[in-house]
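[1] Got a sequence here, can you build the structure:
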Amino acid sequence: MRSGYSALLPLWLAGAITATLTGGPARAAEPPGMALLKTRCASCHNLTGPAPASLHTLWARKGPDMFYAGNKYRKSWLVSWLRHPVRIRPAGMFYADHIKPGPKRDMIDESTLKPHMALSAADAKLAAEALMTLRAHDDLIAREKVPPGSISKTMGALVFDKFLGCIACHRIEPDYGGLSGPELFTAGDRLRSRFMASYIRSPQAWDPKIWMPNKHVSDSRIIQLVHYLQSLSKGVSHG
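    Predicted coordinates for the structure are as follows:
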């Protein structure tokens with residue numbers, strides 16, 4: 001059928017003809033950046049789900065799952081980071097694989113860590129746009145409400161460090177905090193507020209075998225933590 005003629009058909013009829021010719025319903029075209037993700041990112045990042053269902057598959061993961069990237073990341077941060085990647089997890093995906101004994105405590109073995117590839121400005125934009133379409137767990141995001149607000153850094157640090165012990169695994173400054181989890185001093189720039197709230201509420205709802213504990217944090221404390229993490233980042237709106 002000539003394209004000029006088919007363009008005059010009603011959408012429902014064009015879809016029916018497409019289904020007849022192809023053996024199935026017409027599917028929306030993938031965003032242009034999806035091909036880039038499949039060819040350059042899929043070897044390290046899970047784009048389709050599900051999350052690892054065993055410790056063995058969790059340990060084999062090379063990079064963060066991306067099948068819910070649209071619910072997790074801020075697009076502007078992704079574009080910037082993909083052009084100039086900086087390590088988010090100080091000791092890589094799995095702490096035990098990238099440490100060595102030091103004079104006083106374990107140290108990061110930099111020789112075991114590989115830098116993330118950098119993308120051109122055009123490719124970073126395409127990749128970020130495609131990642132924004134990956135939105136698994138919309139149901140978890142919909143349950144969260146994070147009203148605007150603030151918390152003093154002193155009170156936030158008290159909750160984060162003393163009350164909940166998060167500092168053991170996460171850095172809140174470039175050289176202060178634990179090494180086994182992702183740093184959080186850029187979390188406000190990097191992560192969506194409702195994702196932070198949902199992940200704090202139940203890490204295993206997102207990542208069933210992850211070792212981050214569910215500390216059964218109350219709603220009010222979750223909001224305090226999100227506001228605290230947002231306060232650690234500068235330069236963007238966190239609404």
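
[2] My understanding was that Leu229 contacts Ala187; is that so?
    Yes: using Cβ atoms under 8 Å, Leu229 is in contact with Ala187, at 4.4 Å. Every residue, glycine included, has its C-beta placed from N, CA and C.

[3] Name the residue in these two with the higher neighbour count.
    Ranked by neighbour count (other Cβ atoms under 10 Å), Leu229 and Ala187 place Leu229 first, with 26 against 21.

[4] and the gap between that one and Asp123?
    As for Leu229, its distance to Asp123 is 29 Å (criterion: Cβ to Cβ, to the nearest Å).

[5] Double-check Pro52 against Trp206; I have them as touching.
    No: here Pro52 lies out of contact with Trp206, judged by Cβ under 8 Å, at a distance of 11.4 Å.

[6] Looking at those two, which has the bigger crowd around it?
    More crowded of Pro52 and Trp206, by other Cβ under 10 Å: Trp206, with 20 against 17.

[7] which residues does the more buried one contact?
    If a contact means Cβ atoms under 8 Å, 6 or more residues apart in numbering, then Trp206 has 51, 68, 137, 140, 198-199 as its contacts.

[8] just curious, which of these is nearest to Ile222?
    Closest approach to Ile222 among these (Cβ to Cβ): Ser198, at 8.9 Å.

[9] separation between the closest one and Met34?
    Distance of Ser198 to Met34, computed by Cβ to Cβ: 25 Å.

[10] For these two, indicate the residue with more neighbours.
    Applying other Cβ under 10 Å to Ser198 and Met34 shows that Ser198 carries more neighbours, namely 24 against 18.

[11] if we can go back for a sec, state the pair within the contacts of Trp206 that is farthest apart.
    Farthest-apart pair in those is Ala51 and Ser198; separation 13.9 Å (Cβ to Cβ).

[12] picking up where we left off before, which of the contacts of Trp206 fall within helices?
    Residues of the contacts of Trp206 located in helices (DSSP state H): 140, 198-199.

[13] where do the strands sit along the chain?
    Using DSSP state E, the strands of the chain run over residues 99-100, 107-108, 171-173, 176-177.

[14] Same list (those) but as CSV, adding mean neighbour count, distance to Leu164 and mean pLDDT.
    Putting these into CSV (neighbours: other Cβ atoms under 10 Å; distance: least, Cβ to Cβ, whole Å; pLDDT from 0 to 100) gives the following:
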stretch, mean neighbour count, distance to Leu164, mean pLDDT
strand 99-100, 14, 24, 92
strand 107-108, 16, 24, 92
strand 171-173, 17, 12, 95
strand 176-177, 15, 13, 94
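
[15] would you list those strands in TSV and tack on distance to Ser43?
    As requested, the strands of the chain are exported to TSV (distance: least, Cβ to Cβ, whole Å):
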stretch	distance to Ser43
strand 99-100	24
strand 107-108	24
strand 171-173	28
strand 176-177	30
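
[16] Columns distance to Pro213 on top of the ones in helices among the contacts of Trp206, output as TSV?
    Output for these, formatted as TSV (distance: Cβ to Cβ, whole Å):
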residue	distance to Pro213
Leu140	18
Ser198	16
Tyr199	12
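
[17] what pLDDT does the most centrally placed residue in the chain get?
    Nearest residue to the geometric centre of the chain (Cα atoms, centre = their mean): Lys72, 4.5 Å. On the pLDDT scale, Lys72 is placed at 98.

[18] Quick check: it vs Ala136, distance?
    Taking Cβ to Cβ, one finds Lys72 at 10 Å from Ala136.

[19] before we move on, the earlier item: for the residue lying closest to the residue nearest to the centre of the chain once chain neighbours are set aside, give me its contacts.
    Once flanking residues are discounted, Lys72 sits nearest to Phe195: 4.8 Å by Cβ to Cβ, 6 or more residues apart in numbering. Contact analysis of Phe195 by Cβ under 8 Å, 6+ apart lists 71-72, 141.
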